[in-house]
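Enquirer: task: produce atomic coordinates for the following.
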Amino acid sequence: MHIPESLQDLANSEVVQFLKRPRTIARIFAGVFSLIIFSSLLTDGYQNTTESPQLHCVLNSNSVACSFAVGAGFLALLNCLAFLILDAHGRRIMDTRFKMAFQLLDLILAAFWALLWFVGFCFLANQWQRSKPKHFLLGSSSAKAAVAFAFFSIPVWIFQAYLAFQDIRNDAPVPYKRSLDEGGVVLTTLSPPSAASPINMPTTCPHNLSYASSALSPYLTPPKAPRLAMMPDS
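Expert: Predicted structure coming up:
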């Protein structure tokens, strides 16, 4: 393992450069927000009321709200970790089709999570607004944290979708452009046939005089001078 000798070497290392990328920063923030959402409701999201020892969700006693936040937060965290690993090994991906499929999947999932967290924020905020004040002894701070970070997750996932769209637009192959380029390469690499080739084209121009005379000589002959015949004396 290479140990950097100075701070400059450390700043120029691949790990630091990878962590400084906007995509990496966005994935880390999205993962941290997802971790806060599902961990806060998983630990303190179920509390007992002042009248009953039975545990209820602090979000309006709606177990669906807590289950949604816990499940979505956990899956979003796994999504961030998986794509961070793929980003770290992205330079080793040489197959263009696999790279394009990876970028397209990244765009679809980022747009999906942005939409899901928008719906989830509206749902969690509505359930928290309907909750009775001081109905639970504990858990109000966890509910507020889940609602707040569900809102913070929306712009982070939108930013990831934007970065994925930029990658697809920059790396998308243009078929007609590539065909024209390939045709230009073929035309520029064509060389005239050499003397050793089986087909030898005439090197003289059709407008050359020698070519014209050689081509027309079988058909045009110079006029012959009239011959004089000797008449016998009478």
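
Enquirer: measure the closest residue to residue 35 other than its chain neighbours to residue 113 for me?
Expert: Leaving out its chain neighbours, the residue that sits closest to residue 35 by Cβ to Cβ, 6 or more residues apart in numbering is residue 77, at 5.4 Å. All C-beta atoms are positioned from the backbone trio N, CA, C, and that covers glycine. Going from residue 77 to residue 113 by Cβ to Cβ, to the nearest Å gives 11 Å.

Enquirer: these two: which has the busier surroundings?
Expert: Taking other Cβ atoms under 10 Å, residue 77 and residue 113 do not tie; residue 113 has more neighbours (25 against 20).

Enquirer: just checking, the more buried one touches residue 150?
Expert: No. With contact defined as Cβ atoms under 8 Å, residue 113 does not reach residue 150; the gap is 11.0 Å.

Enquirer: leaving aside the residues next to it on the chain, what's closest to residue 42?
Expert: Per Cβ to Cβ, 6+ apart, closest to residue 42 is residue 70, 5.2 Å.

Enquirer: any idea of the mean pLDDT in the host helix or strand of the one you found?
Expert: Here residue 70 is covered by helix 63-88, with elements defined by DSSP states H and E. Helix 63-88 shows a mean pLDDT of 92.

Enquirer: now do the buried residues in the helix or strand that that helix is followed by.
Expert: Using DSSP H and E, the next helix or strand after helix 63-88 towards the C-terminus is helix 96-130. For helix 96-130, burial by neighbour count (16 or more other Cβ atoms under 10 Å) applies to 102-103, 106-107, 109-111, 113-114, 116-118, 120-121, 123-125, 127-128.

Enquirer: same thing with stretch 164-174?
Expert: Those would be 164, 165, 167, for stretch 164-174 by 16+ other Cβ under 10 Å.

Enquirer: which one of those is nearest to residue 97?
Expert: Of all the buried residues of stretch 164-174, residue 97 sits closest to residue 167, with 14.8 Å by Cβ to Cβ.

Enquirer: pull the contacting residues for that closest one.
Expert: 103, 106 (Cβ atoms under 8 Å, 6 or more residues apart in numbering).

Enquirer: strands of the protein, residue ranges please.
Expert: For the chain, the strands defined by DSSP state E cover 46-48, 55-57.
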